[in-house]
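Asks: Sequence and predicted structure are below.
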Amino acid sequence: MTAVGPAPSGPPVGTYRVPSLGWRILGGALRLIPLVVILVGVPVAVLTFLQSHGIALPLPITTVEYAGIALTILIVARYILKPTAAFGPLSIASAAVTIVYLYVILLDATYHLGIPGAGVTVSIGYGNLILLLLIVPALALGAGAVTLIEDVSAPKERLPFDYPP
């Protein structure tokens, strides 16, 4: 005689619970505020402060502002649309914008600071740091491409892992 245990309770394998669009919009709005502060507000404030004290800027303020706004919009949209097929393309787009932004910074990755009254210029190179930072969005670009391919070949297969029951 074999013992039979109780039937497993709980949802069947392969199910998932996607939050409603309203909850995802609320989560995106809660992410929006710190992202705007971190990606737009702080860098623009620092660059404005430096410019007001006569220090040459390594990057125009509008470039920093527009890149921060673009990244914020893409990150929030990616969060809201995560359970849809648009998640992969939005991941690719946010990684591509980050790569372009870091490349623009890399183009002039040596900062020259002139010391007033001394006739001395101090140069600081940070190109290697930017190259190291480029690794992260490059990996994110690859992950977005894999997600896009997976969503095309097997729609909704990743949802049980992203939104477990």
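Replies: Structure's in. What do you need?
Asks: Tell me which helix or strand comes right after the helix or strand of the chain with the lowest mean pLDDT.
Replies: Lowest on mean pLDDT, DSSP states H and E among the helices and strands of the chain sits strand 110-115, with a mean of 79. Sequence order places strand 120-125 as the next helix or strand after strand 110-115, per DSSP states H and E.
Asks: For that next one, name the packing helices and strands.
Replies: On a contact count with 3 or more Cβ pairs under 8 Å, 6 or more residues apart in numbering; DSSP states H and E, strand 120-125 meets strand 110-115. Backbone N, C-alpha and C define where each C-beta goes, glycine included.
Asks: Sticking with Thr84, tell me its helix or strand.
Replies: Counting by DSSP H and E, Thr84 is part of no helix or strand.
Asks: List the buried residues in the least confident helix or strand of the chain.
Replies: By 16 or more other Cβ atoms under 10 Å, strand 110-115 has no buried positions at all.
Asks: Phi, psi for Gly117 please.
Replies: Dihedral pair for Gly117: phi 80, psi -10, per degrees, to the nearest 10.
Asks: just to revisit the earlier point, now the least confident helix or strand of the chain and strand 120-125, what's the angle there?
Replies: Angle, strand 110-115 to strand 120-125, by axes from the mean of the first three to the mean of the last three Cα atoms, to 10 degrees: 160 degrees.
Asks: Pull up the pairing partners for strand 110-115, direction included.
Replies: According to DSSP bridges, strand 110-115 forms sheet pairs with strand 120-125 (antiparallel).
Asks: what's whatever helix or strand comes next after the partner strand in contact with?
Replies: Next helix or strand after strand 120-125 toward the C-terminus (DSSP H and E): helix 127-133. The contact list for helix 127-133, computed with Cβ atoms under 8 Å, 6 or more residues apart in numbering, reads Leu102, Ile105, Leu106, Ala109, Thr110.
Asks: one more time with 10 Å, if that's ok
Replies: Applying Cβ atoms under 10 Å, 6 or more residues apart in numbering, the contact partners of helix 127-133 are Thr98, Ile99, Leu102, Tyr103, Val104, Ile105, Leu106, Leu107, Asp108, Ala109, Thr110, Tyr126.
Asks: correct me, but the last one touches Leu59?
Replies: In this case it means Tyr126. No - with contact defined as Cβ atoms under 10 Å, Tyr126 does not reach Leu59; the gap is 11.9 Å.
Asks: Need the overlap of contacts for these two.
Replies: Common contacts of Tyr126 and Leu59, defined by Cβ under 10 Å, 6+ apart, comprise Ile105, Tyr111.
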